[in-house]
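Colleague: Everything below, folded, please.
(chains A and B)
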Amino acid sequence: KAGVTQTPRYLIKTRGQQVTLSCSPISGHRSVSWYQQTPGQGLQFLFEYFSETQRNKGNFPGRFSGRQFSNSRSEMNVSTLELGDSALYLCASSPTSGTYNEQFFGPGTRLTVL
Amino acid sequence: TQLLEQSPQFLSIQEGENLTVYCNSSSVFSSLQWYRQEPGEGPVLLVTVVTGGEVKKLKRLTFQFGDARKDSSLHITAAQPGDTGLYLCAGAPNNFNKFYFGSGTKLNVKP
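Modeller: Below you'll find the model as predicted:
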């Protein structure tokens, strides 16, 4: 089974721009979660989508948004980029939305905002 | 303030030594997971513990979930250089995939 794939792997943007990141979950998985990882804050939960609906949301500003398509692929968008948005953005997929399910992470997208 | 506190933050040991990493919280979790992450890659799930007092063994790794489901520990016996990496604990307070991660423990095992 192919793992979680994320594209692009690396991205450089300037302040004020917007960016869209993509995540393809493991085949058959319906839940996709997004996390931001920085040296200072560690791994922080952004949001989770299950069957095209946002099920959970973290404490991030409205500039961070996402969506999920009928094939479970998910995209994350960040508008009006700030320097502090530089981070590794990780996507994780799970078979269903439930605590006892395993999360499988992709390799991440490294975003640098200049 | 992190919901989950991990200690120690850094650990540098010689091959063959034993070590324990702790993950503590004042909150109760429905489940707790441990991950290992290597540079440039996403975290890889090692184990999920769901029952208070549960102990799980994975070769040289032993994971324990506290009786009150507020804390957990990871013990590695006879560490090897291949164990080097960032170890993360993550807890879910309810039955959804919203996990809170600890700040991580960077382990370096020297040959």
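
Colleague: and residue A:2, what does it touch?
Modeller: A:26, A:27 (Cβ atoms under 8 Å, 6 or more residues apart in numbering or on different chains). For glycine as for every other residue, the C-beta is placed from the backbone atoms N, C-alpha and C.

Colleague: Check whether stretch A:67-86 comes into contact with chain B.
Modeller: No - Stretch A:67-86 does not reach chain B (Cβ under 8 Å from any Cβ of the partner chain); its nearest approach is 12.7 Å.

Colleague: What are the contacting residues of that stretch?
Modeller: Residues from elsewhere that reach stretch A:67-86 (Cβ under 8 Å, 6+ apart): A:13-25, A:29-30, A:32, A:34, A:38, A:46, A:49-53, A:63-66, A:89, A:91, A:93, A:111-114.

Colleague: Can you flag the buried ones in those?
Modeller: Among the contacts of stretch A:67-86, those that count as buried by neighbour count (16 or more other Cβ atoms under 10 Å in any protein chain shown) are A:13, A:19, A:21, A:23-25, A:29-30, A:32, A:34, A:46, A:49-50, A:64-66, A:89, A:91, A:93, A:111, A:113.

Colleague: ok, and of the residues you listed, which contact chain B?
Modeller: Restricting the buried ones among the contacts of stretch A:67-86 to those near chain B - Cβ under 8 Å from any Cβ - leaves residue A:50.

Colleague: and the buried ones among the contacts of stretch A:67-86, which of them are in strands?
Modeller: Cross-referencing these against strands under DSSP state E gives A:13, A:19, A:21, A:23-24, A:32, A:34, A:46, A:49-50, A:64-66, A:89, A:91, A:93, A:111, A:113.

Colleague: Can you list the low-confidence ranges for the chain?
Modeller: Reading this off chain A. The model of chain A has pLDDT under 70 over residues A:1, A:97-101.

Colleague: meant chain B actually
Modeller: In chain B, residues with pLDDT under 70: B:1-2, B:95-96.

Colleague: ok, and the closest non-adjacent residue to the residue in chain A positioned nearest to chain B?
Modeller: Chain A approaches chain B most closely through residue A:105 (3.3 Å), counting by Cβ to the nearest Cβ. Of all residues not flanking residue A:105 in the chain, residue B:42 sits nearest, at 3.3 Å (Cβ to Cβ, 6 or more residues apart in numbering or on different chains).

Colleague: what helix or strand is the one you found on?
Modeller: Using DSSP states H and E, residue B:42 maps to neither a helix nor a strand.

Colleague: just so I have it, where are all the helices in chain B?
Modeller: Per DSSP state H, chain B carries no helices over any range.
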